[in-house]
Structures are given as structure tokens and as C-alpha cells.
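Trainee: Using only what follows, build the 3D model:
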Amino acid sequence: MTDTGRNKTVKEKIFISHSSADYDTAKSQMKSLIRLLKRNYETYCSSDKENESEDGDYLHKMIGGELKKCNIFFALITENYLRSPHCLYELSVARFLKKTPFIIYTNDETRERIKDIADPEWISYNFQNIEETKAAIIKRFKIGEGRSSKIIETFLKTIAIIEPTERKYVGMPDDTFNNILLLCQKEGITKLGKGSVYTNAEMVAKFRQAQRIYIVSVTGAGLIKTLKEVAIPEALKNGAVINIILPDRDSQFCIDVADAECNRIEYNPVIAEQNRYRISSEFEAVIQYLNEASCIAKRESPQNKGKITCYNSRTLLRQTIVMTVSDNNYWGWINLNMTPFFTSNTLSFAFNTEKGGDFVKAIEKHCEGLMSMAGGATRTINGKSPASKLEQDLSQNQLYWLQKKKDAEEFMSQRKQKSTVLIEVAAQHPLREGRYPDNEFKKRLDRAIQISREIGQNKVWFYVPGSRHKHNSVADAISLSEAGREYLVGHGVAETHIYADDANKEYKGELGVYNSADESYVASRIFIDNDFGRMICVCSPYQTLRKSFYYLEFGLIAECYGESADSVNAMYHDPVSEYFGSLKHTVYEDHSWQDIHSEVAQNSRTERKVK
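Mentor: Down below sits the predicted model:
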């Protein structure tokens, strides 16, 4: 790092986080270690004389300021460290500020005690492995061997054998803890955890015994998908009344939830719109899953008397609740987050009680209140025969895509007077020798060039998509976009008429462009934002239909041309996997692949993205 104003090198700064009890016992060794570190770094150690300050609020302010300035957080986590509120404060602030950590634990037990707040990527070593830890310190902080090595070894050995003080671990007084424990026992609160705090086997067992079931959620698609195969059918077969309580899909509430999810990450209007669409579309997925569960129950037990009812209301704040009631047994959990994306990583508390105390009865009353507020906005799920269900699914999807087609046609009619044309050339990986389009990719590029000449090159712009890919763990040297751009320029296309990596970055950011949906999304944004009149896509022959659906989803009618160097195999695409896999998934489940938590999009990035 360089201070250009003074043309002078500025050292990185290390914050040394430690227990004062350890420092008092190993003062000379600690001071020796600090001197070694000061050869290459600025250091801050609160026990060091030049850093001494008063306890209390001023100390916390000073430590907070020093943590902001440091680059490296060097922590010596011992028994005494875990007994110090100041140390845990430093650790929490450093973690929040995302400082580069260098963590040393006394032993595996101290590491285990802090595992729930430690990030998995933290660099960590164990005092008990002196040689490995010593080598790591020497290497990381550029300390010479010889006498320096001996100083570090003496320091580690001294810290490793320090006995803990009599101070209790940081936490609440015993009487306060006991009162909370008694309250939890009285009310039947049994577990704390994240997301769904019970296993599928436990859920199936409780659903099978239930007389009444309440599920409260914003959409619940993921949860219902988990429960539909066994838990819900088992409950229905035994006559349970199941109440699914959801907000109105078209309410401002759902829009607010979508925006809240977006704000939890980094607000982006495109992602916000995608979230709003996702939350709206998931309601039909819930109905589909419930119908499937009802069908399974009817098939396995035609005489079952169970019933599913969905309730909707336009507002009302709600967290995820799953609750079963059987005789006087209340079982389930409540998640403390409302937005669907974050429930899986948010605190939940579970309950299981035979006593039916005030707490669980209040939950049931709350659920019944939501049901009554829904008024007539209810939907009974009866289950359909497979043929009728297929017809229902087809009808729902046909209506959806017919509306998308109508909207896209209307938009394109507004652009029909424009003479400019955008051609997306669907990229193909891997690149030959890591930088050149292979035969499949070249064939598409050549076809795009031919089309542009037929139209008039001055009227045509190209978009070549594709971030830097890997294939079978071998990474390309450049992005697909860059390889395509170089090819087009080499064949006479003006560089100013080519969109490539710049467009990938503008519209997909760090996520990158790694699948056909990403390609179509970016091409659509270029088309809309730059006032083009005609959209052409050159891709694999077997991809043309799916690409057409992506463009409809993003608001355009695209002319899709299939081109392949191998007309039999069409490289990575074949009609069976395309029709029964990617196309079916796009038409019926995930229309855009643009949601940041889209499973298929994540899989494509995991498989292809160069880290």
C-alpha cells in the first residue's frame, strides 16, 4: 500500500487481541513477539504501555477505532480470552468489520466453544502444535528464522500452559439463566436453532399424529415442497385438518417483503423486481405441491377425510410458523424472520408440550386469528386425478405465457419503426486452447456475421455473452465474451458495434454470465436500454425454443436461429435432455433463472465459474 501524497510506503497494521491475564503471565514473551511483528507492521496491543488507556467506555471507543484502522486481526484465543467481555467484544467487532483474521487457539476445546461465531474461512492454528503454529507465524508475518524462531516458540509454550482465572465465562448470572430455563420448561420450548429445527423424520411422525396443523408463511414454497411427499399425505390419510395461512399474492405486503430481501443484500432495482415476481409466482407452486400431496393421500387411502385449506389476507405481519395439535400435544417451531430467503439462516425456537400452556395456546389463537381475518379469501385443496392436474398445470402456464407473449408483442410493436438490430451470439465453452472459439462457437459467429451482412452491417450490433468459464476444472484463459469479440473484430466487425464483457459486468455484476438465461437476460437489457428495433439470437438448434421463452420472460420477441457444426449431436445440447430437463424446468418452474437463489443458476455457476 502506498501513500502517493508523500511517496512513502505505509505499513499494514496488526491488532493483537488477547487476554490481559495471559499478558500479565507472559509479559516479556508478548513484548518480544510484538517487537518481532513491528519490524514489518504497525501493531496495536492494548496491554502495551504505549497503548495503555483507562477501562470503560473510553477503552471500547479506542479499541473500536483501532480495529477500523487495522488490516490484520491477530487473536490469541485461550480460556482466559473466552472469560473476558473485552476480548469477545474485540472478536465481534473484527468479525463485523471483516478484518483479515489470524487466529490461534489454545486447544481444540477453546475452538469448539467459539465455533458458532467463528467464520469457516478464518485462518487458525493450535497452540498444542507448536511447530506448525510457529512456522505459520514466521511465514505469514515475514519473520526471520534463528533467534526469532526461538522467541516465537517460547511465547507459544508459555501461553499454552497458562491456567485460566477463576472468572466465569461471559454470560448471564445463574439465577437469570435458571429463570429462563424454568420458563422454557413450563411453556414447552425445547430447542433453539436456525431454519427448520426438526428432521424430516420428526416432522413426519408429528404430522401423522396430528388432528390440526397450522402453517404460516409468506410463500412457503420450499417448506411445502419438503412436506408434500410424506408428511402432508400422512396427515391427510389420518384425517387431519391442515390450514395454510399466506398473504394475498397481489398485496403491497408481498412487494414490501421482496424489497426487504433485496435491502438485506444490496439494493438493486432489477433484483427487487425479480424478487417481487418470484414471491408472486411461488403461490401457484404452493397450490401445485398441495394438490400433489392430496393426490398421494387419496391414492394411498381413498377414504381419507383430511382437508387442506389455504387462507389469504392482504396485510398482517407474520413469521414462519409450523404447528401440529394432537389431543393436548402441541408441537412445532417459529422462525424469527419474515422474508423467505433468510428464514433458513435465522433463529428458530421449537416447542413440544403435553400441557398446552399459555404460549402454545397463544400461537394457535394467533393462527386462528389470521384465518378469520382472511374472510372469504380461502381455497380448499381437494387434489385432482393426474390427468386433471396436468390440465390444470397446462392451463395456468398457458395463461402465464400467453400474457407474456401479448406483453412482448405490444412492446416490439412500439419498436418496429427502429432500423437497428441486435444479434446475440450464444457462446459455447470450453474455448480451444483456452482463448479461441471452437467449431461450434465459430459456426454461430459466422452465421451472425452472414445475417449482419444481409441486413446491412451499419445497422447491426452484436452481443457476445459469457464470463470466464472452466470445464472439467480447467479454466479458460479469457472470457467467452472476449474470445467472441476478438473473432468478430478479426472478421471485419467494428469494435464499436460489439457488446461483450462490459455488458456482462453492467447487467450481471459479480454474478457473471454462465447460462443461456443469463445470456438472454443481458441481451434483453441491452435491447431495451439502447432502443433497438429487432432482436436476433443465434444458438444451438436444440436451444431455440428455450431461448424464445427466456426472451418472452424478459419482454421481447426474438428471432432464434439454430446453428451447429455438428448437426447430429449439436455439441452439448440434445433434444431429450433439453425438452424433459431445461425447457420443462423453464416453462413450469423457474422462468427466468435470474433469482439470486435460483438452484439451476447456482449450479451452473458452481460448475462453470472460475473462482
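Trainee: CA atoms for contacts and neighbours, from now on please.
Mentor: OK.
Trainee: Could you list the low-pLDDT ranges of the stretch 301-450 of the chain?
Mentor: 304, 313-318, 338-345, 355-356, 375-377, 383-396 (pLDDT under 70).
Trainee: Just the strands from it, written as ranges.
Mentor: Ranges of strands within the stretch 301-450 of the chain are 307-313, 321-326, 329-335, 347-353, 378-381, 421-425, based on DSSP state E, counting those that start in this stretch.
Trainee: and those, which is most packed in?
Mentor: With neighbours defined as mean count of other CA atoms under 10 Å, the strands of the stretch 301-450 of the chain peak in mean count at strand 421-425, which reaches a mean of 26.
Trainee: Which elements pack onto that strand?
Mentor: With contacts defined as 3 or more CA pairs under 8 Å, 6 or more residues apart in numbering; DSSP states H and E, strand 421-425 has these neighbours: helix 439-455, strand 460-463, helix 516-529, strand 534-539.
Trainee: possible to save these as JSON lines with distance to Ser604 and mean neighbour count?
Mentor: Rendered in JSON lines, the data for those read as follows (distance: least, CA to CA, whole Å; neighbours: other CA atoms under 10 Å):
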{"stretch": "helix 439-455", "distance to Ser604": "19", "mean neighbour count": "19"}
{"stretch": "strand 460-463", "distance to Ser604": "21", "mean neighbour count": "24"}
{"stretch": "helix 516-529", "distance to Ser604": "10", "mean neighbour count": "21"}
{"stretch": "strand 534-539", "distance to Ser604": "18", "mean neighbour count": "23"}
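Trainee: Can you lay out the ones you listed as a markdown table showing distance to Val230?
Mentor: As requested, these are arranged in a markdown table below (distance: least, CA to CA, whole Å):
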| stretch | distance to Val230 |
| --- | --- |
| helix 439-455 | 45 |
| strand 460-463 | 47 |
| helix 516-529 | 33 |
| strand 534-539 | 42 |
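Trainee: follow-up on the earlier one: would you tell me which of the strands of the stretch 301-450 of the chain gets closest to Ser281?
Mentor: Ranking the strands of the stretch 301-450 of the chain by their distance to Ser281 (criterion: CA to CA) puts strand 307-313 first, at 15.0 Å.
Trainee: quick one: the closest one to chain centroid distance?
Mentor: Mean C-alpha position of strand 307-313 versus that of the full chain (CA atoms, centre = their mean, to the nearest Å) differs by 29 Å.
Trainee: same deal with stretch 581-598?
Mentor: Distance, stretch centre to chain centre, for stretch 581-598: 16 Å (CA atoms, centre = their mean).
Trainee: Make 17 the first number, not 1, from now on.
Mentor: Got it, first residue is 17 now, which makes that one stretch 597-614.
Trainee: Do a quick rundown of the helices in the stretch 217-366 of the chain.
Mentor: Taking DSSP state H, counting those that start in this stretch as the test, the helices found in the stretch 217-366 of the chain are 237-243, 247-253, 268-281, 285-316, 356-359.
Trainee: could you say what helices and strands the fourth one packs with?
Mentor: The one in question is helix 285-316. Using 3+ CA pairs under 8 Å, 6+ apart as the contact definition, the elements that helix 285-316 packs against are helix 237-243, helix 247-253, helix 268-281, strand 394-397, helix 402-431.
Trainee: Serialize those to TSV and add fields for distance to Gly373.
Mentor: Converted to TSV, these look like this (distance: least, CA to CA, whole Å):
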stretch	distance to Gly373
helix 237-243	27
helix 247-253	24
helix 268-281	32
strand 394-397	29
helix 402-431	42
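Trainee: I'd guessed Pro117 sits against Leu92; true?
Mentor: No - proximity of Pro117 to Leu92 does not meet the contact threshold set by CA atoms under 8 Å, at 10.9 Å.
Trainee: Please look at Asp492 and Glu498 and confirm they touch.
Mentor: No - under the criterion of CA under 8 Å, Asp492 lies out of contact with Glu498, with a separation of 11.0 Å.
Trainee: Now list whatever residues contact both of those two.
Mentor: Among the neighbours of Asp492, none is also in contact with Glu498 (CA atoms under 8 Å, 6 or more residues apart in numbering).
Trainee: Tell me what Val338 is bridged to.
Mentor: Ile231, Trp349 (DSSP bridges).
Trainee: List the contacts of it.
Mentor: Counting by CA under 8 Å, 6+ apart, Val338 makes contact with Ile229, Tyr230, Ile231, Val232, Gly348, Trp349, Ile350.
Trainee: more crowded one of Pro117 and Leu92?
Mentor: In this comparison of Pro117 against Leu92, neighbours counted by other CA atoms under 10 Å, the higher total goes to Leu92 at 25 against 21.
Trainee: Shouldn't the more buried one be within a strand?
Mentor: Yes - counting by DSSP: H, G, I helix; E, B strand; the rest coil, Leu92 is found in a strand.
Trainee: Mind listing the residues bridging to it?
Mentor: Using DSSP bridges, the beta-bridge partners of Leu92 come out as Ile120.
Trainee: Ser33 is in contact with that one, correct?
Mentor: Yes - the criterion here is CA under 8 Å, and Leu92 meets it with Ser33 at 6.3 Å.
Trainee: Which parts of the stretch 467-616 of the chain are strands?
Mentor: Listed in chain order (using DSSP E, counting those that start in this stretch), the strands of the stretch 467-616 of the chain are 476-479, 486-487, 490-491, 514-515, 550-555, 575-578.
Trainee: Of all those, which one is nearest Tyr214?
Mentor: Ranking the strands of the stretch 467-616 of the chain by proximity to Tyr214 (CA to CA) places strand 486-487 first, at 38.1 Å.
Trainee: Centre of the chain to that closest one, how far?
Mentor: Relative to its parent chain, strand 486-487 has a centroid offset of 23 Å by CA atoms, centre = their mean.
Trainee: got the contact list for that strand?
Mentor: Residues external to strand 486-487 that are found in contact with it (CA under 8 Å, 6+ apart): His445, Pro446, Asp492, Glu623, Arg624, Lys625, Val626.
Trainee: Now do the contacts for the first one.
Mentor: So the one you mean is His445. Contact partners of His445, counting by CA under 8 Å, 6+ apart, are Pro453, Asp454, Phe457, His485, His487, Leu496.
Trainee: Try it again at 6 Å.
Mentor: Remark: with contacts taken as CA atoms under 6 Å, 6 or more residues apart in numbering, His445 is in contact with nothing.
Trainee: thinking again about what came up before, so for Met339, which of the helices and strands packed on strand 437-441 sits nearest?
Mentor: Proximity of those to Met339 was assessed by CA to CA; the nearest stretch is helix 532-545, lying at 38.6 Å.
Trainee: what does that closest one contact?
Mentor: Where contact means CA under 6 Å, 6+ apart, the residues beyond helix 532-545 that reach it are Pro481.
Trainee: quick check, distance from that helix to the centre of its chain.
Mentor: On the basis of CA atoms, centre = their mean, helix 532-545 sits 23 Å off its chain's mean C-alpha point.
Trainee: Dump the helix or strand harbouring Ile50 to CSV, keeping only the CA atoms.
Mentor: Element membership for Ile50, per DSSP states H and E: helix 43-53. In CSV, the C-alpha atoms belonging to helix 43-53 read as follows (Å, rounded to 0.1, in the frame of the first residue of the first chain):
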residue,chain,number,x,y,z
LYS,A,43,4.6,-10.2,29.6
SER,A,44,8.2,-10.5,28.4
GLN,A,45,7.4,-13.1,25.8
MET,A,46,4.5,-11.0,24.5
LYS,A,47,6.6,-7.9,24.3
SER,A,48,9.3,-9.9,22.4
LEU,A,49,6.7,-11.1,19.9
ILE,A,50,5.4,-7.5,19.4
ARG,A,51,8.9,-6.3,18.7
LEU,A,52,9.3,-9.0,16.0
LEU,A,53,6.0,-8.0,14.4
